[in-house]
Structure formats: structure tokens, C-alpha cells
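A structural model of the following input is requested.
(one chain, ligands or ions: 1)
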Amino acid sequence: MKKGEKGVLIGIALVVLALMFWNSEKLSKSSSQDKEIPFFSDASMTVKRAGAEVYRRYQCKSCHSLWTVKDIMQTVPAPALDGVGSLRDAPWLARYLAAADPQKMLPSRLKKEYRMPSYSAMPKKDREVLVSYLASLKVKSWYLDELKRAECRKLTGGPC
Ligand code: HEC
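Coordinates of the predicted model:
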């Protein structure tokens, strides 16, 4: 290999390395804010475990998604429950889950079989666990407006 060719090869290698470095810098910067998951739970591990167990037992996921998990057969456009504790407080959730007619508290645009069912027959213990868990599901403030719009779209079917 001639001396000039070697120089060119080294030059190309340096440019490639610089581009790789620049790209990885760009990626790490955008992922820190844009792609961060805005949802979290501020409950203790015990409340999280117990809440998730009740949530599973009552098959809430047949209509709702949570932690981006939804039933593959899910067709009901119910609001996602991620961040619901930033939209509703514990007393509201307790009343909603005990209501004989939940649609009196939150009107529905859906057919009867897709609406939020009444859980007024649920044992008090289960309801308390579920309420503590749901109330702990929070959203980071930079995503709150987006969450409110998503909820509004689900509840009204409108563009919001
Ligand atoms: C048959 C489908 C279905 C099931 C099962 C169901 N939900 Fe719902 N839920 C809905 C729908 C639809 C809404 C929106 C209001 C409406 O249309 O009645 C809703 C609304 C809610 C809301 C209010 C959300 C908001 O944005 O304010 C909460 C909280 C909730 N459900 C919790 C639960 C929990 C907890 C369970 C399990 C114990 C459950 N749901 C089971 C369909 C369902």
C-alpha cells in the first residue's frame, strides 16, 4: 500500500468514528426526555403486589390496558389506567368502584356491554386494595396534558 492510500484510509476511518460518536450522543440525549416512560407507581411493593393480584382476579384487563399490557382480545375502547391516580383521587375511585351505576359518575358513550360494570358487590377488602393501587398510578407532570387528552378521546370519542 502506498503512503497516500494509507492516509486516505485513516482519514475515512476517523470520519466514520466521529459520525458514530455523534450519533450515539444524539440518541442518548433524545431518549432521556422524549422516550422516558412517564408512568410510575408511588405505592409500596406490598400494595403494588396486592393491587395487581386483585386487578388480575377481576380481569380488568379484558377492557383496560395498564403498563401497556392489554388483552389480545381486547376490543373495548376503555381509557388506559396508566396514570389514573393523577386524574382521580382515592375517594373518587372508591365511590366509582362501589357505585351501583358508575355511568352516573362518568357518562359512557359505549354500548351497555362495553361500559364500566358495577363492582358494588366487590368485597370491601378487595376494593380498598384496588383503590390504593389505582390511586398510586401516577404520571410525570410533563405528560399530564397528553394523558388528559388521551382520556378525553377515549371517553368522548372526539378529537379533544
Ligand atoms: C366491560 C369492560 C370493562 C371492565 C371489565 C372494566 N372496565 Fe373500567 N371502564 C370501562 C369503560 C368503558 C370505562 C369508561 C367509562 C364508561 O364508558 O363506562 C371505564 C372506566 C374506568 C375508570 C375511570 C377511568 C378514568 O379515566 O377516569 C376506572 C378507574 C376503571 N374503569 C377501573 C376499572 C377496574 C379497576 C376494573 C376491574 C375491577 C375495571 N375498570 C373493569 C370498561 C371496563
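
Past the worst-scoring helix or strand of the chain on mean pLDDT, which element shows up next along the chain?
Ranking every helix and strand in the chain by mean pLDDT, DSSP states H and E puts helix 3-33 at the bottom, with a mean of 65. Beyond helix 3-33 in the direction of the C-terminus, DSSP states H and E gives the next helix or strand as strand 39-41.

Read off the pLDDT value for the residue positioned nearest the centre of the chain.
Compute the mean C-alpha point of the chain, and by CA atoms, centre = their mean the closest residue is D82, 3.4 Å away. Turning to D82, the model gives it a pLDDT of 97.

What is the one helix or strand A50 maps to packed up against?
Secondary structure from DSSP H and E places A50 in helix 45-57. In terms of contacts (3 or more CB pairs under 8 Å, 6 or more residues apart in numbering; DSSP states H and E), helix 45-57 is packed against helix 124-135. The way it works is simple: take the backbone N, C-alpha and C, and place the C-beta from them, glycine included.

in the host helix or strand of L97, what's buried?
Remark: L97 resides in helix 90-98, with elements defined by DSSP H and E. For helix 90-98, burial by neighbour count (16 or more other CB atoms under 10 Å) applies to L93, A94, Y96, L97, A98.

which residues does the fourth one contact?
Okay, so that is L97. Contact analysis of L97 by CB atoms under 8 Å, 6 or more residues apart in numbering lists Y119, M122, R127, L130, V131.

can I get these in TSV with distance to Y55 and pLDDT?
Below are those laid out as TSV (distance: CB to CB, whole Å; pLDDT from 0 to 100):
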residue	distance to Y55	pLDDT
Y119	12	98
M122	12	98
R127	12	98
L130	7	98
V131	11	98
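
domain assignment for this protein?
The chain breaks down into these domains under automatic domain parsing: 1-36, 39-156.

quick one on the thing from earlier: the helix holding L97 to helix 124-135, inter-axis angle?
With axes from the mean of the first three to the mean of the last three CA atoms, to 10 degrees as the basis, helix 90-98 and helix 124-135 are set at 130 degrees to each other.

Thanks a lot, catch you later.
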